[in-house]
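# sequence plus predicted model, see below.
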Amino acid sequence: MTQRYSRSGSVRPTRQGSERTVWYIMRITGLALFVLSLSHFLILHVLYDPKDQTAAFIANVRWSSLFWRANDWLFLTVVIVHAVLGIRIVAGDYLNGRSRTAVMTLFYLLGLCLFAFGTIVVATLPQPPA
Amino acid sequence: MLIRYRAREGMLAWAFHRISGVAIWVFVIFHVIDIFLSGADPGAYDTVLQIYASPIGRLAETLLGAALLYHALNGLRIIVMDFWPIFTRYHRQLWYLNWALFTIVGLPVAFVILKPIFGQ
Ligand code: HEM
Ligand code: HEM
């Protein structure tokens, strides 16, 4: 038994290579998301309430600081990497061959689109006049 | 399938992890688009926002928060067992620890989110 049994996550590939890199990326992004996503959820539901989160609120309160813009952009990037590689694991369990390639191509494109839209808004939403 | 075939803790943990991961995916697609609207079309964004603030929206956010919290805690449990294999022996206990933390953190947050429905 060279491989340990790991419940609910994939087993670490024994050989070095891209599959093992992906395995590590899932864990590193997971750790980052533990902080980024839970803090995001708590800020927007406990500190503030969704009913106040108008477009003006985002521009004037949340994204008036470069720190939060950078934080949210990092969050956007990390969540897309983790989610796309996560869905790749799921697709690998149910599909193979051409259908898997086709589905994953769609998800890579979807990930790129989301990354583009998210980056545009976080980079261009006007700052409130100082 | 979920409960018939040896539905032990390890398997339920896996099934919930997969379901929650896919569910959050679906939300993120909508969410990146709605935040994008805050710049592209602030009026439309403010309309979508009313869904978030509605009773049904709040219920959905509570479920989303539950999925996120479960996935986060169980994901951490996976990572801990991967890097410190000794903990695989206690995978079941760790899973129950997850549910304890889930309840302790989740209930107060759910209360805060749902409170406005009752006019508080
Ligand atoms: C909150 C912190 C999070 C942590 C600690 C975390 C951790 C993990 C870990 C350790 C895995 C297993 C990877 C493997 O099997 O190699 C995983 C899988 C996955 N994660 Fe996350 N994750 C988090 C957030 C998210 C988010 C926000 C999403 C969705 C956008 C997501 C979607 C997925 C998907 C789809 C899988 C594949 C599920 C499966 O194989 O059954 N995760 N996550
Ligand atoms: C229903 C609960 C949620 C609400 C009300 C909410 C609200 C918001 C708001 C108002 C923003 C604008 C920036 C800011 O205030 O930080 C934002 C940005 C963002 N949210 Fe959420 N959020 C929620 C849940 C989530 C979840 C569960 C995820 C991912 C797992 C997520 C991912 C993001 C990302 C990546 C951004 C940055 C988008 C960009 O840069 O274009 N949010 N969210």
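Sure thing, it's come through. Residues are numbered from 1 along each chain as shown, chains lettered A, B, ... in the order given. Ligands and ions are numbered 1, 2, ... in the order given.
# now B:A110, nearest residue through space, not along the chain?
Counting by Cβ to Cβ, 6 or more residues apart in numbering or on different chains, B:A110 lies nearest to B:T62, which is 5.0 Å off, once chain neighbours are set aside. For glycine as for every other residue, the C-beta is placed from the backbone atoms N, C-alpha and C.
# show me what the host helix or strand of that neighbour is packed up against.
Here B:T62 sits within helix B:55-83, counting by DSSP states H and E. In this structure, helix B:55-83 packs against helix A:18-42, helix B:9-40, helix B:42-53, helix B:91-114, with contacts taken as 3 or more Cβ pairs under 8 Å, 6 or more residues apart in numbering or on different chains; DSSP states H and E.
# and for the residue nearest to B:A110, the neighbour number?
Taking other Cβ atoms under 10 Å in any protein chain shown as the neighbour definition, B:T62 ends up with a count of 18.
# check contacts around it.
With contacts defined as Cβ atoms under 8 Å, 6 or more residues apart in numbering or on different chains, B:T62 is in contact with B:110, B:113-114.
# wait, A:N71 sits on A:V35?
No. Between A:N71 and A:V35 no contact is recorded; they are 10.2 Å apart, counting by Cβ atoms under 8 Å.
# comparing these two, which shows the higher neighbour count?
Taking neighbours as other Cβ under 10 Å, A:N71 and A:V35 compare with A:N71 leading, 16 against 11.
# tell me which element the more buried one falls in.
Residue-wise, A:N71 maps onto helix A:66-94 under DSSP H and E.
# and the angle for that helix with helix B:55-83?
Regarding helix A:66-94 and helix B:55-83, their directions subtend 70 degrees when assessed with axes from the mean of the first three to the mean of the last three Cα atoms, to 10 degrees.
# now the helix or strand following helix A:66-94: buried residues?
Moving toward the C-terminus from helix A:66-94, the next helix or strand (DSSP H and E) is helix A:97-124. For helix A:97-124, the neighbour count (16 or more other Cβ atoms under 10 Å in any protein chain shown) marks A:103-104, A:107, A:110-111, A:114-115, A:117-118, A:121-122 as buried.
# over to stretch B:12-21?
Judged by neighbour count using 16+ other Cβ under 10 Å, the buried positions of stretch B:12-21 are B:13, B:16-18, B:20-21.
# lowest-confidence entry in the residues you listed?
When the buried residues of stretch B:12-21 are compared on pLDDT, B:A13 comes out lowest, with 90.
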